[in-house]
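Participant: Based on what follows, work out the 3D shape:
(chains A and B)
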Number of protein chains: 2
Amino acid sequence: MERSRMVFSGSGGQGVITAAIILAEAAVLYEGLIAVQSQAYGPEARGGSTRSEVIISDTDIFFPKVNQPNVLICLTQEAYNKYSPSIRPGGLLITDTRYVKTEKKVDALQKELPMHHTVMEEIGKPIVLNICMLGALIGLTDLLKPESIGKVLEARIPPGFLEMNQKALSLGIRLAAEATP
Amino acid sequence: MERSRMVFSGSGGQGVITAAIILAEAAVLYEGLIAVQSQAYGPEARGGSTRSEVIISDTDIFFPKVNQPNVLICLTQEAYNKYSPSIRPGGLLITDTRYVKTEKKVDALQKELPMHHTVMEEIGKPIVLNICMLGALIGLTDLLKPESIGKVLEARIPPGFLEMNQKALSLGIRLAAEATP
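Facilitator: Here you go, the predicted model:
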């Protein structure tokens, strides 16, 4: 497989770190891959920004940092402004239409998805935006099987909240399918 | 400050990743420090082992991996057997008396604390073992102020569970004080 170097960015409370951990666990536990997941907190964290990195590979990962992601997800305008120039040419940029107004083109496939809007319409709880985002990611990339994410959700999420998370995952996959010509 | 390179190790479900994220957030948001927090998942994750790293510093962190921790916490025998030889000479090794039987000496200060036992006696919920562990860590090292951890707990933990987590933090600090001659 091609090594995936991903950055999930947004604001604190949007769950981007949790999403990164779920993705890494799914890759390792259910698809036999290797993953490194990290966050570096500098002064920008004090402004409420969050950036979380995941590398997934089928061979050992010696350099655990992501400088040029081939998948970048931005859930705030600030994150988009800051990180979109770093995307690897030919990569994939996913933004949320509610939170990000894209400006100049980058040399990447750009997908602007109404993730927040759809989660609010169909579930009504903004807290599962991060899981919808994972659905969109795997829908657009075929990086992992949906069932692998589903199994991690089953193991991590308390029963009363599981259905909502599974629905958010499905919504993300649907948004990805609708955005693919 | 001396740079702290820490490894928290145990089994999946003991909350060592969450503890690492809480510690990193507390350092950055409330003490003006810089932190990198990561987990590398290899084949051992499929056996249920978890290893989470945190580096906390007052200057930029260029190398985000921890090879030789100066603080190592082991919550399972397997983690102890695997990681205790890697501790930096003069470092601090914290183990839980319920889960780990220490064997040969390492060139480090060894603290065997009844964290699980005390949490079960005084709170009755094993789920807050990780927060008790953070209390013991900051009690033994003076790395961060207890209030900084407390503020992160307030922001992250749902109200109904907050008091239990604050109590676990205090228990850990008490165990550290009792273990200090």
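
Participant: phi, psi of A:T59?
Facilitator: Main-chain torsions, A:T59, degrees, to the nearest 10: phi -130, psi 170.

Participant: got a list of what the residue nearest to it when sequence neighbours are not counted touches?
Facilitator: Residue nearest to A:T59 in three dimensions, not counting chain neighbours: A:I34, with 7.0 Å by C-beta to C-beta, 6 or more residues apart in numbering or on different chains. In this view, the C-beta of every residue, glycine as well, is placed from N, C-alpha and C. If a contact means C-beta atoms under 8 Å, 6 or more residues apart in numbering or on different chains, then A:I34 has A:27-28, A:56-61, B:41-43 as its contacts.

Participant: before we move on, what SS does the closest residue to A:D107 other than its chain neighbours have?
Facilitator: Among residues not flanking A:D107 along the chain, A:P89 sits closest, at 4.4 Å (C-beta to C-beta, 6+ apart). Put simply, A:P89 is coil when judged by DSSP: H, G, I helix; E, B strand; the rest coil.

Participant: Any quick ChimeraX command for the buried ones out of the contacts of A:I34?
Facilitator: Here is the ChimeraX command that selects the buried residues among the contacts of A:I34 (16 or more other C-beta atoms under 10 Å in any protein chain shown):
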select /A:27,28,56,57,61 /B:41
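
Participant: So which of the contacts of A:I34 are in helices?
Facilitator: Among the contacts of A:I34, the subset assigned to helices under DSSP state H consists of A:27-28.

Participant: quick one: contacts of stretch A:134-146?
Facilitator: Under C-beta under 8 Å, 6+ apart, the answer for stretch A:134-146 is A:4, A:6, A:19, A:22-23, A:26-27, A:30-31, A:56, A:71, A:73, A:92, A:94, A:111, A:113, A:115, A:149, A:168-177, A:179-180.

Participant: Now do that stretch, average pLDDT.
Facilitator: Averaged across stretch A:134-146, pLDDT comes to 97.

Participant: Which residue ranges of chain A form helices?
Facilitator: Secondary structure of chain A by DSSP H: the helices cover A:16-31, A:77-83, A:115-122, A:129-141, A:146-156, A:159-178.

Participant: For the longest one, buried residues please.
Facilitator: Think helix A:159-178. A:164-176.

Participant: And for it, what's in contact with it?
Facilitator: A:111, A:113-115, A:118-119, A:122-123, A:125, A:128-129, A:131-140, A:146, A:149-150, A:153-154, A:157.

Participant: quick check: angle from that helix to helix A:115-122?
Facilitator: Angle of helix A:159-178 versus helix A:115-122, following axes from the mean of the first three to the mean of the last three C-alpha atoms, to 10 degrees, is 120 degrees.

Participant: Mind telling me which residue of chain A is nearest chain B?
Facilitator: A:S38 (3.4 Å; C-beta to the nearest C-beta).

Participant: Name the residues linked to the nearest residue to that residue once chain neighbours are set aside by a beta bridge.
Facilitator: Once flanking residues are discounted, A:S38 sits nearest to B:S38: 3.4 Å by C-beta to C-beta, 6+ apart. Taking DSSP bridges as the rule, B:S38 bridges to A:S38, B:E53.

Participant: Any figure for the gap between B:S38 and B:F62?
Facilitator: According to C-beta to C-beta, to the nearest Å, B:S38 stands 14 Å off from B:F62.

Participant: Neighbour count for these two, which is higher?
Facilitator: Higher neighbour count among B:S38 and B:F62: B:S38, with 23 against 7, using other C-beta atoms under 10 Å in any protein chain shown.

Participant: List the contacts of the more buried one.
Facilitator: Contacts of B:S38 by C-beta under 8 Å, 6+ apart are A:36-39, A:64, B:52-53, B:64-65.

Participant: which one is A:S52 nearest to, not counting chain neighbours?
Facilitator: A:S52 sits nearest to A:A20 (C-beta to C-beta, 6+ apart), 4.1 Å away.

Participant: For B:Q37, see how far away that neighbour is.
Facilitator: For A:A20 relative to B:Q37 (C-beta to C-beta), the value is 11 Å.

Participant: where do the contact lists of the two overlap?
Facilitator: Contacts common to A:A20 and B:Q37, judged by C-beta under 8 Å, 6+ apart, are A:Q39.

Participant: is it possible to export the buried residues of helix A:159-178 to a markdown table including distance to A:Q14?
Facilitator: Shown next, in a markdown table, are these (distance: C-beta to C-beta, whole Å):
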| residue | distance to A:Q14 |
| --- | --- |
| A:M164 | 16 |
| A:N165 | 15 |
| A:Q166 | 19 |
| A:K167 | 18 |
| A:A168 | 13 |
| A:L169 | 16 |
| A:S170 | 20 |
| A:L171 | 16 |
| A:G172 | 14 |
| A:I173 | 19 |
| A:R174 | 20 |
| A:L175 | 17 |
| A:A176 | 19 |
